[in-house]
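Trainee: okay, here's the prediction I keep looking at, along with the sequence it came from:
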Amino acid sequence: MSKMKKETGIVIESLVVGKAQIWIRGLSPFVCNAMSAKTKRTLVLPPGRKMNATEKASNLKHDPIVEYRNSTYRRKGSGDTRILFPATGFKGAMCNAALDTPGVAKTQIGRLVWVLGDMVDMYGVPELWMNVVRMADQARTPDVRTRAILPEWAACITIQFVTPILTDSDIAKLMGRAGLLSGVGDFRQGKGKGSYGQFEMCDKSAVEKIIKNGGRVQQDAALKDPEFYDVETEELFSWYNTERTKRGR
């Protein structure tokens, strides 16, 4: 008579979701990097090729004020701030920081950590910044890019993570590394060349002044009538307006 085999059940350990609300303060200016509406429209419906120099001359290559405003993610309607930033940017910073953290894999952080919401409120007053960049073409053609930049900024993010694989301490350490090694926004530390968008964790009390003076009302005023980030930007913008008037544009 054959012996019956004893069945063994599969035991799946329960996972618990932890939550941490973290206030952060910028260590270096935050450069807004939203894709402009003009670029999006070009991707959806590419424009026809301009046939001659006269047609090209009749179109302005740049409009700094429009580019400045369009570089920001903006809230419609009321809220604490007008300027927003995708929550995925902060998760991406944590994932990239994992590359330089022994024993932690980027893909693992991508699975076990997420930031609540689609957008994060960004506190701080934007200023207009124009700087020279190199295009991605083979010749690395120089061009001038206009962006909104927040010299002082703060944000509050809510992070959820899987426990017991990760703990509050693990999240705090990873966020600390993300702020120094990766950052957020354009020309960020993690890209290697720029060192913008770096941040540190802090108590809310440490950013009360930025919250009070850099909310929606102040941001709306700055988007309408911006201050210049540096002297070079102010001089270039002044020259642009003078030449535009001379040329009847």
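Mentor: Thanks, I have the structure now.

Trainee: can you read off the pLDDT for Gly214?
Mentor: Confidence at Gly214, expressed as pLDDT, is 98.

Trainee: repeat for Ser36
Mentor: Note on Ser36: pLDDT of 69.

Trainee: do the one 10 residues further on as well
Mentor: As predicted, Pro46 sits at a pLDDT of 75.

Trainee: so how many other residues sit close to it?
Mentor: 8 (other CB atoms under 10 Å). C-betas here are computed from N, CA, C, even on glycine.

Trainee: can you confirm Ala136 is in a helix?
Mentor: No. Under DSSP: H, G, I helix; E, B strand; the rest coil, Ala136 falls outside any helix and is assigned coil.

Trainee: quick one: it from Gly89, how far?
Mentor: Using CB to CB, to the nearest Å, Ala136 is found at 21 Å from Gly89.

Trainee: same deal with Asp203?
Mentor: 22 Å.

Trainee: end-to-end on stretch 20-33?
Mentor: 27 Å (CA to CA, to the nearest Å).

Trainee: in a strand, Ser159, correct?
Mentor: For the record, residue 159 is Ile, not Ser. Yes. Assessed with three-state DSSP, Ile159 lies in a strand.

Trainee: just say helix, strand or coil for Ala206.
Mentor: Ala206 - assigned by three-state DSSP - is helix.

Trainee: where does it land on pLDDT?
Mentor: For Ala206, the model assigns a pLDDT of 97.

Trainee: ok, how many other residues are close to the closest residue to it other than its chain neighbours?
Mentor: Ranked by CB to CB, 6 or more residues apart in numbering and with sequence neighbours excluded, the top spatial neighbour of Ala206 is Arg25, at 6.1 Å. The local packing of Arg25 (other CB under 10 Å) involves 18 other residues.
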